[in-house]
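Engineer: give the three-dimensional model of this entry:
(one chain, ligands or ions: 1)
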Amino acid sequence: MEKISLWMTNRENSRLLSESLDNTYKVVVAKSFSDVTSVDLIIVDGVTLNSSRRELELLRESKIFLPILLVTSRNDVKMATKELWKIVDDVIIAPVERNELLIRIKNLLKLRYQSERLRREHWVLTDSSPIGIAILTGGKETYRNPRMDRILLGKSFEDVLKGEERERFTVFCKRAENNREPLSNLFRVEVNGSTKWLEMVACQIDVEKEPGIIVMTQDSTESIRTTSELVKTQQKLQEAFVNALNLISSLVERRDPFTYGHQRRVTSLAVKIAESMELKKSDIDTVKYASLVHDLGKVVVPTEILSKPGKLDETEMALIREHAKQGYEMISELKIDLPIAEAVYQHHERLDGSGYPRGLKGEEISIHARIIGVADVVEAMSSHRPYRAALGVRAAIDEIESGSGRIYDREVVRHCKKIIEEGFAFEEEFEI
Ligand SMILES: [Fe+2]
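Structural biologist: Numbering: from 1, shown residues only. Here you go, the predicted model:
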């Protein structure tokens, strides 16, 4: 049963009303303000209205809608001014007819329930929302939910957005004013000396016929920090990976002093060619890492054969040729995302199928292997070998040019020649 509070100065009127309502509602005769705060409806008379106006105004300002019904004599009708309607929800003229009174009360209680339902829906959508919500009308903030207040620690947007970020936010809001589709952007804010990253989504809305925007925000500081930590970890892993490749590279070369530094020198030229050809970063990385370990498979070739002066026989040649496959198998074990193992496998293949170990042709050979193949030949011919003196860079260029488009990739040769003519020189110590 709903509770109705009678807050009236005229005791006789209060008693009469109490009698008429007693069987339908739980009636509380209020003596002070504290008796009217936990009821469903308040009935006041003109005297209480005047003497307790401030308290009634306070009830009006509270979030919960509590209907106030004024019972007054005809002489007081002139009180029904605009000011009066700010406090009371309905006026009934005494003497009060019971049915009329019950209808008025029923309607006011209906309003209370509707208002309560709306308030609950509003609470679910905004007050309890895990996302900060604000409404800006004509550039001024006219509403914010508790979450937005917590994100901004009670500060205004102007307070937390500094310099360039504030300008970006102004432009963002202007664009949102003309957009029904939500726009989103990330803003850096300074709140109480600490930096936060807020992801904001905004679009145009109509607020009581005025154009405005709704801004929704969530604090993305933590996820951005995690992402940047992830990037740092990836960089460290990348460094560790390159160090490991360098180590593997120097281990294999130590077995053969004549080719010490060969893989690193090939890498320096191969990377230049890949960059000159404007390959994408993952391809340049593949060229870099694969050329650094392209002869890894030579660890299974006996040292005597590797450093043997003079010509090798068929068996020895076959053993040396095994290194491409051996390298492929070893690097495959590393389970690297980039096709490094495959590039190592193919670095002695030639366009016309005359290479080894599989005799691949043309497009069957990856661009990485085609680049490493050319850089390998140029480096080998430019350097001293146990079985011959260095032939020089000029001879190396002649060799790749004569095989351009036939055994070597035409574009790779063109870029390689250009790089060397522009002054490229192999360095003994090459930093990867
Ligand atoms: Fe090789």
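
Engineer: just the mean pLDDT for the helix or strand containing S14, thanks.
Structural biologist: Using DSSP states H and E, S14 falls within helix 11-21. Averaging pLDDT along helix 11-21 gives 87.

Engineer: go through that helix and flag the buried ones.
Structural biologist: Within helix 11-21, the residues scored as buried using 16 or more other CB atoms under 10 Å are 13-14, 16-18, 20-21. C-beta here means a position set from N, CA and C on the backbone, and glycine is covered the same way.

Engineer: G392: which of these is nearest?
Structural biologist: Taking CB to CB as the measure, G392 sits nearest to L21 out of those, at 114.7 Å.

Engineer: quick one: residues contacting L279.
Structural biologist: Counting by CB atoms under 8 Å, 6 or more residues apart in numbering, L279 touches 287, 367.

Engineer: are we agreed that it is in a helix?
Structural biologist: No - the assignment for L279, made by DSSP: H, G, I helix; E, B strand; the rest coil, is coil rather than a helix.

Engineer: distance check, it against T286.
Structural biologist: Going from L279 to T286 by CB to CB, to the nearest Å gives 9 Å.

Engineer: how about S184?
Structural biologist: Using CB to CB, S184 is found at 35 Å from T286.

Engineer: how about I92?
Structural biologist: For I92 relative to T286 (CB to CB), the value is 87 Å.

Engineer: these two: who's more crowded?
Structural biologist: Using other CB atoms under 10 Å as the criterion, I92 and T286 rank with T286 on top: 26 against 17.

Engineer: ok so S5 is a strand residue?
Structural biologist: Yes - the assignment for S5, made by three-state DSSP, places it in a strand.

Engineer: quick check: it touching T48?
Structural biologist: No - assessed by CB atoms under 8 Å, S5 is found out of contact with T48, at 10.8 Å.

Engineer: any stretches of the stretch 301-432 of the chain with poor pLDDT?
Structural biologist: Where the stretch 301-432 of the chain drops to pLDDT under 70, the residues are 384-391, 427-432.

Engineer: the helices in it, which residues?
Structural biologist: 303-306, 314-321, 323-332, 340-346, 367-382, 393-402, 410-421 (DSSP state H, counting those that start in this stretch).

Engineer: how about C203, secondary structure?
Structural biologist: Per three-state DSSP, C203 ends up strand.

Engineer: ok, it - contacts?
Structural biologist: 176, 179-183, 213-214.

Engineer: now do E411
Structural biologist: M277.

Engineer: okay, it and S282: tell me how far apart.
Structural biologist: In terms of CB to CB, E411 sits 19 Å off from S282.

Engineer: ok, and what's touching the helix or strand just after the helix holding S14?
Structural biologist: Downstream of helix 11-21, the next assigned helix or strand under DSSP H and E is strand 26-29. By CB under 8 Å, 6+ apart, the surrounding residues in contact with strand 26-29 are 1-6, 14, 17-18, 21, 35, 39.

Engineer: in a strand, that's where A134 is, yeah?
Structural biologist: Yes - the assignment for A134 is a strand, going by three-state DSSP.

Engineer: bridge partners for it, pull those for me.
Structural biologist: R144, V215 (DSSP bridges).

Engineer: how about the strands of this structure, start to end?
Structural biologist: Along the chain, the segments classed as strands by DSSP state E run 3-7, 26-29, 41-45, 68-72, 90-93, 132-137, 140-144, 183-191, 194-207, 210-219.

Engineer: and the fifth one, C-alpha only, in CSV?
Structural biologist: Output of strand 90-93 as CSV, limited to C-alpha atoms (Å, rounded to 0.1, in the frame of the first residue of the first chain):
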residue,chain,number,x,y,z
ASP,A,90,-1.5,19.5,-8.6
VAL,A,91,-3.9,21.8,-6.7
ILE,A,92,-7.3,20.7,-5.3
ILE,A,93,-9.8,23.1,-3.9
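
Engineer: in it, what's buried?
Structural biologist: By 16+ other CB under 10 Å, the buried positions in strand 90-93 come out as 90-92.

Engineer: domains of this protein?
Structural biologist: 3-123, 132-219, 245-421 (automatic domain parsing).

Engineer: closest to T227 out of those domains?
Structural biologist: Among the domains of the chain, the nearest to T227 by CB to CB is domain 132-219 (10.3 Å).

Engineer: give the rounded mean pLDDT of the closest one.
Structural biologist: Averaging pLDDT along domain 132-219 gives 89.

Engineer: return the most buried member of the strands of the chain.
Structural biologist: Highest mean neighbour count among those (mean count of other CB atoms under 10 Å): strand 41-45, with a mean of 25.

Engineer: sheet partners, orientation included, of that strand?
Structural biologist: Sheet pairing of strand 41-45 (DSSP bridges) gives strand 3-7 (parallel), strand 68-72 (parallel).

Engineer: among the strands of the chain, which is nearest E239?
Structural biologist: Using CB to CB, the nearest of these to E239 is strand 194-207, at 26.9 Å.

Engineer: now the closest one - C-alpha only, CSV.
Structural biologist: Below are the C-alpha coordinates for strand 194-207, written out as CSV (Å, rounded to 0.1, in the frame of the first residue of the first chain):
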residue,chain,number,x,y,z
SER,A,194,49.6,12.1,-14.7
THR,A,195,49.2,11.4,-18.4
LYS,A,196,46.2,9.4,-19.5
TRP,A,197,45.1,8.3,-23.0
LEU,A,198,41.4,8.6,-23.6
GLU,A,199,39.7,7.0,-26.6
MET,A,200,36.8,9.3,-27.5
VAL,A,201,33.8,8.6,-29.7
ALA,A,202,31.5,11.4,-30.6
CYS,A,203,28.5,12.2,-32.8
GLN,A,204,25.8,14.7,-33.3
ILE,A,205,22.6,14.6,-31.2
ASP,A,206,19.6,16.8,-30.7
VAL,A,207,19.2,18.0,-27.1
